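# Predicted coordinates and the sequence they were generated for:
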Amino acid sequence: MAGIKVYDLTQKIGITTPPWPGYEPMKLWYFKRMMLQKVNGQIVQTSMHNGTHLDGQRHFMTGGRDIASLPLDGYLFHEGVILDISKEVGDFDIYTPETLLKVAKENDLEIKKGDIIIINTGYHKYAWDQPEANENKYYYFHPGPDQRFADWLKEMEIKWVGVDCGSADHPMNTILREYRPEFAAMADKHFREKYGKPLDEYFDDKTYQLMHIDLFPHLILHAENLGGEIDKVLNRRMYIGIFPWRLVDGESSIARVAAFEIE
């Protein structure tokens, strides 16, 4: 389109896409074929947490807003920043407001109240459709935030956050800690050495899944599993949009995420 360049920040999705551990994978099949009904038709059966998706308020709040009620103008589509913290963090690391502010300062960017924030941890390179695909690294090892980060998002009245990894929460601050205790033991060792606390003290019951449980009542939602052309738009202020289904009663939705450059 003349005057506007669009960057797709969405991962591919299909039956090979690994779901969030414990969730249903996508199923896709034909119910009509050209050879018999002279038309192709398909049925898809999927959790809304496969591939790039928006976690909605109702995902953790039974009485929360559904996906259909989220306004496109000024919420799903708005101005924001895309910050590359991949050189600041590694396996099991914590990121804080200072991590993002450091990157913003180095790139002469201002994070404004009411922005959308896209965080590039670099772990999208381990996604299923990439040459370095590694499901364990992608879901269990990526960095994540602590309570200071959630508190800062509330103070900044951030609309929503996007991440290029399996969860907006630290993986060891989710149920994944129980699924793979050998990885939790590795994380515990890392936390003791780097942060001076065992994992159980750093993330206790009060801060469990803080990006979901603490932030959703404030309508600070998040998109997970971003990727696509994200490496082309790092450390920039752009218009950013997420386009979920207009799904009545939807707790979350598979979505397309894009960044728009006004030429």
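Noted; the coordinates are in hand.
# could you give the mean pLDDT of stretch 171-187?
Averaging pLDDT along stretch 171-187 gives 97.
# whoops, stretch 56-75 was the one
Summarised as a single mean, pLDDT over stretch 56-75 is 97.
# Quick check: end-to-end length of that stretch?
End-to-end span of stretch 56-75 (Cα to Cα, to the nearest Å): 13 Å.
# And for it, what's in contact with it?
The contact list for stretch 56-75 (Cβ atoms under 8 Å, 6 or more residues apart in numbering) reads 54, 76, 159-160, 209, 212-213, 216-217, 219, 221, 241, 243-253. Yep, even glycine has a C-beta here, placed from its N, CA and C like the rest.
# Check which residues of that stretch are buried.
Gly56, Gln57, Arg58, His59, Phe60, Gly64, Asp66, Ile67, Leu70 (16 or more other Cβ atoms under 10 Å).
# what sits against Ile220?
Residues in contact with Ile220 (Cβ under 8 Å, 6+ apart) are Leu153, Lys154, Ile158, Lys159, Trp160, Val161.
# so the first one sits in a helix?
Yes: counting by DSSP: H, G, I helix; E, B strand; the rest coil, one finds Leu153 located in a helix.
# Report the contact partners of it.
Ile117, Val161, Leu215, Ile220.
# And for Asp200?
Applying Cβ under 8 Å, 6+ apart, the residues near Asp200 are Asp188.
# On the three-state scheme, it is what?
helix.
# how about the strands of this structure, start to end?
4-8, 27-32, 41-45, 53-55, 77-84, 94-95, 116-120, 144-145, 160-163, 221-224, 236-244, 252-262 (DSSP state E).
# Given the third one, what are its sheet partners and their directions?
In other words, strand 41-45. strand 27-32 (antiparallel) (DSSP bridges).
# same thing with the fourth one?
Paired neighbours of strand 53-55 in the sheet (DSSP bridges): strand 221-224 (antiparallel), strand 252-262 (antiparallel).
# What lies in contact with that strand?
Applying Cβ under 8 Å, 6+ apart, the contact partners of strand 53-55 are 49, 67, 160, 168, 212, 216, 221-225, 242, 244, 252-255.
# One more pass at 7 Å, please.
Outside strand 53-55, the residues that touch it by Cβ atoms under 7 Å, 6 or more residues apart in numbering are 67, 212, 221-225, 242, 244, 252-255.
# Let's have these in CSV, adding distance to Asp200.
Formatted as CSV, those follow (distance: Cβ to Cβ, whole Å):
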residue, distance to Asp200
Ile67, 34
His212, 19
Leu221, 28
His222, 24
Ala223, 29
Glu224, 25
Asn225, 28
Ile242, 34
Pro244, 35
Ser252, 29
Ser253, 34
Ile254, 34
Ala255, 34
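# Farthest pair within these?
For the contacts of strand 53-55, the maximum inter-member distance is 17.8 Å, found between His212 and Ile254 (Cβ to Cβ).
# Since that was my last question, I'll sign off now.
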